[in-house]
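Asker: using only what follows, build the 3D model:
(4 chains)
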2 protein chains.
Amino acid sequence: MAYRTSVIDRHGAHSWYRQLADQLRDCVEQGVYPPGGELPSEAELARQYGVGRDVVRSALALLRQEGLITSVRGTNAKVRAPVARREVTLGAGDELIGRMPSEPERIERLMEYGVPLLAIKRRSGAVELFPGDRVVITGPTP
Amino acid sequence: MAYRTSVIDRHGAHSWYRQLADQLRDCVEQGVYPPGGELPSEAELARQYGVGRDVVRSALALLRQEGLITSVRGTNAKVRAPVARREVTLGAGDELIGRMPSEPERIERLMEYGVPLLAIKRRSGAVELFPGDRVVITGPTP
DNA sequence: TACTATTTGTTCGTATGTATA
DNA sequence: GTATACATACGAACAAATAGT
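Answerer: Just a heads-up that it's a prediction; the model follows:
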């Protein structure tokens, strides 16, 4: 594979790691790295784009936050494949807000990075929490 | 103020920055750092807990992801104060999912770090996007 | 099984840029 | 103008998990 000379604007208004994240996001969206597929290693990306490992790691961290990729120590980062979703109905008077889980919450629920938590407060007062990528909230069926 | 000798378990199963994040999260939740209030500087936290600045920065990054704090260059990190919310009603047949915004989306909508995006697909097909911390989604009023 | 190479995770040090006080 | 503080970027080293031999 031909070396990418460098698509990073060294004196642009944006930081290198954000530019790199944009590039990689485009690659994912355009199928260069398909769902479930691997990205190159951090060292390889650093070589390809002519940046340090910190820049690569910061870019990958951003994409992890966005829920676009996952990383496991010892393995290349992977593009997250779509997950199975279940339906949850929001009834009359129920309320919902979205927020990021705290680390203890995330770990307890086996949630991946970059997945928001949807908190539904039922009219009864009961609170239910759902990973935002595993459910589709629906209004009552007509 | 008395120096905290060190509450970090140097040989524990968890990384230092995660332990520190847990400590700081507790401080916020228990009002040591109240909403709108400032945290100590990175350097001060590094001194207090006897760790390097990267450990402090990683911990703060985690809390930023959770939407618990905000940082502005040149100022200490602050505990995020509750924001004004508006109500949005989810009608019959409408669908909602939550995800993190990509960086372009986040910037375009002037969203802070750590705030999920709620995407509502109306039965008509129209799609509306809301910052998760600015809206309360409600079911139809009974 | 055991060993090795690869890869990501964590931590520290250092330096520069830039915004705020 | 100076000092403080956060953002970004480089390099280095080691730890820990994985994959392949």
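Asker: count the neighbours of residue A:50 for me.
Answerer: 15 (other CB atoms under 10 Å in any protein chain shown). C-beta here means a position set from N, CA and C on the backbone, and glycine is covered the same way.
Asker: and the helices in chain A?
Answerer: Ranges of helices in chain A, per DSSP state H, are A:16-29, A:42-49, A:53-65, A:103-108.
Asker: ok, and does the lowest-mean-pLDDT helix or strand in chain A reach over to chain B?
Answerer: Lowest on mean pLDDT, DSSP states H and E among the helices and strands of chain A sits helix A:103-108, with a mean of 86. Yes. On the criterion CB under 8 Å from any CB of the partner chain, helix A:103-108 is in touch with chain B at A:103-104.
Asker: next one: stretch A:30-47
Answerer: No. Taking CB under 8 Å from any CB as the criterion, stretch A:30-47 and chain B are apart, separated by no less than 14.0 Å.
Asker: could you dump the helices of chain A into CSV with mean neighbour count added?
Answerer: Listed next are these as CSV, based on neighbours: other CB atoms under 10 Å in any protein chain shown:
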stretch, mean neighbour count
helix A:16-29, 19
helix A:42-49, 17
helix A:53-65, 20
helix A:103-108, 14
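Asker: which of the ones you listed sits closest to DNA strand D?
Answerer: Nearest to DNA strand D, of all the helices of chain A, is helix A:16-29, at 3.0 Å by CB to the nearest atom of the strand.
Asker: how about the CA coordinates for the least confident helix or strand of chain A, as CSV?
Answerer: What follows is helix A:103-108, C-alpha atoms only, in CSV (Å, rounded to 0.1, in the frame of the first residue of the first chain):
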residue,chain,number,x,y,z
GLU,A,103,-17.7,4.8,34.8
PRO,A,104,-19.2,2.6,37.6
GLU,A,105,-22.6,2.7,35.7
ARG,A,106,-20.9,1.9,32.4
ILE,A,107,-19.0,-1.1,33.8
GLU,A,108,-21.9,-2.4,35.9
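Asker: what are the contacting residues of that helix?
Answerer: A:111, A:113, A:115, A:117, A:129, B:18, B:21-22, B:25, B:62, B:66 (CB atoms under 8 Å, 6 or more residues apart in numbering or on different chains).
Asker: about what we covered before: out of the helices of chain A, which is closest to DNA strand C?
Answerer: That would be helix A:42-49 among the helices of chain A, by CB to the nearest atom of the strand, at 3.5 Å.
Asker: and that closest one, how far from the chain's centre?
Answerer: From the chain centre to the centre of helix A:42-49 is a distance of 21 Å (CA atoms, centre = their mean, to the nearest Å).
Asker: excluding chain neighbours, give the residue nearest to the residue most central in space within chain A in space.
Answerer: Closest to where the C-alpha atoms of chain A average out (CA atoms, centre = their mean) is residue A:67, at 1.0 Å. Once flanking residues are discounted, residue A:67 sits nearest to residue A:114: 3.3 Å by CB to CB, 6 or more residues apart in numbering or on different chains.
Asker: can I assume that neighbour is in contact with residue A:66?
Answerer: Yes. A contact is recorded between residue A:114 and residue A:66 when judged using CB atoms under 8 Å, the distance being 5.6 Å.
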